[in-house]
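Participant: Got a predicted structure here, sequence first:
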Amino acid sequence: MSTPKHIPLIETKKLCKSYFNDDLETPVLFDIDLVIERGEFVAIMGPSGSGKSTLMHILGFLDHHTKGQFLFQGEPATKMDEDTLAKIRATRVSFVFQAFNLLPRTTVFQNVLLPLLYHPTIPAAEREGRVQRAIEAVGLSERSTYLSNQLSGGQKQRVAIARALVTQPEVIFADEPTGNLDSASGTHVMAALQALHRAGHTIILVTHEQSTAEHAERILKIYDGKITDDLRSFKRRHAKDGITIEK
């Protein structure tokens, strides 16, 4: 009996991306070979303009690649029609952005509920329980009735994480989630993402900050549109905390 072929969650082969303006082509990504497995916590790290956000947008079905292959659970993205892509965006991937993108003058509960209102398969009877569990997962149960403008920046970002979590997606993408936060709030946000990872969620983080990237178990460094390093199995803690670094 043959052994079933292993299928990664995400795989790219010689993936390239260019933007076009009239006859002018601007290449952004070059020959990206990448495999991300279920349950990984991956940071894509690079300076501004390196192509890290473009790569995340392609992996999250917000943009299209130009050449090469992008496979999601073994299925080529180029063979997916718009209805399939819309369903993937609604059910299988979620995003946390730097700007929070919360609805103003609405409660924490209402913000987290929003994705479920557009979900094609989760029945209305399950919505309240899912919302409460997602809010609890980021430690904001006591703030569920607060309006979004009554929260600190760190709390707003944790609401955004709960909103991303509520549909139980296969991948949570976080684009510079600590970029608008002070260091203490950023630490709380990254702790929430780490807790979700420990619970089995796949997380792909984009950042330009080394200290933020080090919360992940794997760091992809990207520079001028190319992956220059793929660092795995890190256990990082600062020496002042009595912790060592292992590779």
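Facilitator: Thanks, I have the structure now.
Participant: Show the pLDDT at the spatially most central residue of the chain.
Facilitator: The residue lying closest to the centre of the chain (C-alpha atoms, centre = their mean) is Phe173, at 1.0 Å. Phe173 is assigned 96 on the pLDDT scale.
Participant: quick check, it in a strand?
Facilitator: Yes. According to DSSP: H, G, I helix; E, B strand; the rest coil, Phe173 belongs to a strand.
Participant: For it, list each beta-bridge partner.
Facilitator: The partner list for Phe173 in beta bridges (DSSP bridges) reads Phe95, Ile204.
Participant: which residues touch it?
Facilitator: Residues near Phe173 by C-beta atoms under 8 Å, 6 or more residues apart in numbering: 56, 59-60, 93-96, 203-206. For the C-beta atoms, the positions are set from N, CA and C on the backbone; glycine is no exception.
Participant: can you give me the helices in this protein?
Facilitator: Remark: helices assigned in the chain by DSSP state H are 52-59, 82-91, 108-117, 124-137, 153-165, 183-198, 210-213.
Participant: what about burial for the contacts of Phe173, which qualify?
Facilitator: Using 16 or more other C-beta atoms under 10 Å as the burial test, the contacts of Phe173 include 56, 59-60, 93-96, 203-206 as buried.
Participant: which of those residues lies closest to Ile10?
Facilitator: Checking these against Ile10 by C-beta to C-beta gives Leu59 as the nearest, at 6.0 Å.
Participant: For Gly74, grab the count of nearby residues.
Facilitator: Other residues within reach of Gly74 by the criterion other C-beta atoms under 10 Å amount to 11.
Participant: Where does pLDDT dip in the chain?
Facilitator: Under the criterion pLDDT under 70, the flagged ranges of the chain are 1-4, 233-247.
Participant: Between the helices of the chain, which one is closest to Leu34.
Facilitator: By C-beta to C-beta (comparing all of the helices of the chain), the closest turns out to be helix 52-59, at 8.3 Å.
Participant: residues touching the closest residue to His215 other than its chain neighbours, list them.
Facilitator: In space, His215 comes closest to Met190 once its chain neighbours are excluded; the distance is 4.4 Å by C-beta to C-beta, 6 or more residues apart in numbering. Shown in contact with Met190 (C-beta under 8 Å, 6+ apart): 177-178, 212, 215.
Participant: for Tyr146, same thing?
Facilitator: 107-108.
Participant: my read: Tyr223 touches Ser48, true?
Facilitator: No. Applying C-beta atoms under 8 Å, one finds Tyr223 not in contact with Ser48, separated by 11.4 Å.
Participant: out of these two, which sits in the busier spot?
Facilitator: Set Tyr223 next to Ser48 and count neighbours by other C-beta under 10 Å: Tyr223 wins out with 15 against 7.
Participant: So what sits opposite Pro76 in the bridge?
Facilitator: Leu71.
Participant: Would you agree it is in contact with His64?
Facilitator: No. Counting by C-beta under 8 Å, Pro76 does not reach His64; the two are 11.9 Å apart.
Participant: Next, show the common contact partners of those two.
Facilitator: What both Pro76 and His64 touch, as defined by C-beta under 8 Å, 6+ apart, is an empty set.
Participant: Rebuild the buried ones among the contacts of Phe173 as TSV, extending it with distance to Lys156.
Facilitator: Below are these laid out as TSV (distance: C-beta to C-beta, whole Å):
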residue	distance to Lys156
Met56	21
Leu59	25
Gly60	21
Val93	21
Ser94	16
Phe95	15
Val96	11
Ile203	19
Ile204	21
Leu205	18
Val206	19
